[in-house]
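Undergrad: show me the folded form of this:
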Amino acid sequence: MFCTNCGAKNADGAKFCTGCGAPLISSASVSNSQQQAPARPISPAPEPPQPRGRKSKARVVIPVLAAVIIVAAVAVAAVFANGFDLFGVPVRATVNDYSWEELSRISAQISACSSQEEALEVAKSYNLTDPNGTLDGTQVKQIELTDGTTTEVQILGFYHDEKSDGSGKAGISFMFADAIGQHAMNSNGTTEGGWANSEIRTWMNSELITLLPEDLQSQIVEVDKLTNSVGFTADPSSVIPTSDKLWLLSQKEIVGSSDGTNPSYFGALDAEGSQYQVFSDSEAFRGNPLPLLQKKSANTTGVSPIWWWQRSSAADFATNFFCTTDAGDGFAAAEANAQLYVSPGFCL
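TA: The predicted model follows:
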């Protein structure tokens, strides 16, 4: 056997090398040690690297969509739980309890209705009418004018006036419960040109409107008011729309249609719009004075009822416009240059 340390040849069975003295290991021992050595575990081959790509759109979009749906459901539940509708307006006890911005939102909801009946149901749900859906003039909101005068406006009706921008009906129409100004229809005393060309119309939509608080002015919408644009005529073809933010009521809007016995006189009057709900519910008609039609001057305390202008011109006199008397008679007239009082109407 040979020494593994120095390579010297030694006798078989020797335990130490005769050349260097190193211990000798027999081939049998090497063989046995190799057989007894524990086997190393074989590690599995590593998996090949996977290509890095974009995440699936579906895996991203679906969780996001689900989250949005959950948030929306919670929001809607919170809305209804707190007594709100989808327009964000709580149902309050009276008209006066709403802000102008809230009333404007309700008006938009009413405007979106498809019929007068549907509109009235919406109004009733917000307590803008009596429980049975009628109006009696007590559906009012207090208002402070920019000159410090405190007065009220009352609801005339719903889904009544056409908005001038062509987007459909205005939701709510109002009128001042008392007069907030005084002016002649025309200083020259004529009805020529009717309401469309009258001095009072220009004054109302340029000067009088500045008395209204900004939170109301910002919510008013222009509407088309049908009016005799000639003056001294009963011809229905003389009636045209004018676009106004503030306006006077017509004879027809207050007392309704004539009995038709004198079309040569009432033709133009009967074409000037339609009667407002508050007056039809109160059974206003020609020759029937009503307390509802009695007004006073808002900025004068303790004053007697006054005469206030309508926008309709009389067909039998070239110098007269219609007005309402201090007794609440809506079928009266006065000279165009008379300084009568003004109770404007407006829409949200």
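Undergrad: pull up the distance across stretch 324-341, start to finish.
TA: End-to-end distance for stretch 324-341: 10 Å, by Cα to Cα, to the nearest Å.
Undergrad: what helix or strand is the residue nearest the centre of the chain on?
TA: Here the mean C-alpha position of the chain is nearest to the C-alpha of residue 105 (Cα atoms, centre = their mean), at a distance of 3.0 Å. In the assignment (DSSP states H and E), residue 105 maps to helix 100-111.
Undergrad: buried ones in the longest strand seen in the chain?
TA: Using DSSP state E to define each element, the chain has its longest strand at strand 150-158. For strand 150-158, burial by neighbour count (16 or more other Cβ atoms under 10 Å) applies to 151, 152, 153, 154, 155, 156, 157, 158. Quick note: C-beta positions are derived from backbone N, CA and C, even for glycine.
Undergrad: what pLDDT does the model give the fifth one?
TA: If you check residue 155, the pLDDT there is 98.
Undergrad: do the same with the second one
TA: In the predicted model, residue 152 carries a pLDDT score of 97.
Undergrad: what about it, distance to residue 174?
TA: According to Cβ to Cβ, to the nearest Å, residue 152 stands 10 Å off from residue 174.
Undergrad: quick check: the residue nearest to the centre of the chain vs residue 115, distance?
TA: Distance of residue 105 to residue 115, given as Cβ to Cβ: 20 Å.
Undergrad: next: residue 289.
TA: Residue 289 is 33 Å from residue 115, where distance means Cβ to Cβ.
Undergrad: who has more neighbours out of those two?
TA: Between residue 289 and residue 115, counted using other Cβ atoms under 10 Å, residue 289 has the larger neighbour count: 17 against 9.
Undergrad: element containing the more buried one, please.
TA: Secondary structure from DSSP H and E places residue 289 outside every helix and strand.
Undergrad: how close does it sit to residue 107?
TA: 31 Å.
Undergrad: the residue nearest to residue 278 when sequence neighbours are not counted - how many residues pack around it?
TA: If the residues on either side of it in the chain are set aside, residue 278 comes closest to residue 135, at 4.0 Å by Cβ to Cβ, 6 or more residues apart in numbering. Neighbour count of residue 135, defined by other Cβ under 10 Å: 24.
Undergrad: could you do the one 3 residues further on as well?
TA: Per other Cβ under 10 Å, the neighbour tally for residue 138 reads 14.
Undergrad: from residue 197, how far off is the nearest residue to residue 188 once chain neighbours are set aside?
TA: Leaving aside its sequence neighbours, residue 188 sits nearest to residue 337 (Cβ to Cβ, 6+ apart; 6.9 Å). Distance from residue 337 to residue 197, counting by Cβ to Cβ: 15 Å.
Undergrad: got any ranges where this protein has weak pLDDT?
TA: 1-2, 4-8, 10, 14-87, 302 (pLDDT under 70).
Undergrad: apply 50 and report the result again.
TA: Low-confidence segments of the chain (pLDDT under 50): 27-46, 48-51, 53-58, 60-61, 63-64, 66-68, 70-84, 86.
Undergrad: need the helices for it, in chain order.
TA: Under the criterion DSSP state H, the chain carries helices at the ranges 27-36, 57-81, 100-111, 116-125, 199-204, 214-217, 251-255, 263-266, 277-281.
Undergrad: tilt between the helix holding residue 105 and helix 116-125?
TA: Interaxial angle, helix 100-111 versus helix 116-125 (axes from the mean of the first three to the mean of the last three Cα atoms, to 10 degrees): 150 degrees.
Undergrad: which residues in the protein form strands?
TA: Counting by DSSP E, the strands of the chain are 140-144, 150-158, 162-163, 172-176, 181-183, 223-228, 239-244, 308-313, 320-324, 332-335, 340-342, 345-347.
Undergrad: ok, residues contacting stretch 212-227?
TA: 99-101, 103-104, 143-146, 161-165, 170, 173, 194-196, 209, 239-247, 250, 271-273, 311-312, 346-348 (Cβ atoms under 8 Å, 6 or more residues apart in numbering).
Undergrad: pull out the buried members of the residues you listed.
TA: Neighbour-count burial (16+ other Cβ under 10 Å) applied to the contacts of stretch 212-227 gives 100, 103-104, 143, 145, 161-164, 170, 173, 194-196, 209, 239-240, 242, 244-247, 250, 271-273, 311-312, 346-348.
Undergrad: bridged to residue 182, which residues?
TA: residue 341 (DSSP bridges).
Undergrad: that one: how many residues sit nearby?
TA: Residue 182 has 14 neighbours, counted by other Cβ under 10 Å.
Undergrad: over to residue 332?
TA: 17.
Undergrad: grab the nearest non-local neighbour of residue 328.
TA: residue 293 (3.8 Å).
Undergrad: surely that neighbour touches residue 254?
TA: Yes: the pair residue 293 / residue 254 is scored as a contact, 7.2 Å apart, by Cβ atoms under 8 Å.
Undergrad: who has more neighbours, these two?
TA: residue 254 (26 against 23).
Undergrad: the more buried one touches residue 284, doesn't it?
TA: Yes: between residue 254 and residue 284 there is a contact under Cβ under 8 Å: 6.2 Å.
Undergrad: shared neighbours, these two?
TA: With Cβ under 8 Å, 6+ apart as the test, residue 254 and residue 284 both reach 275, 293, 330.
Undergrad: which residues does the last one contact?
TA: Contacts for residue 330 were tallied using Cβ under 8 Å, 6+ apart; they are 251, 254, 255, 284, 286, 289, 290, 293, 310, 322, 324.
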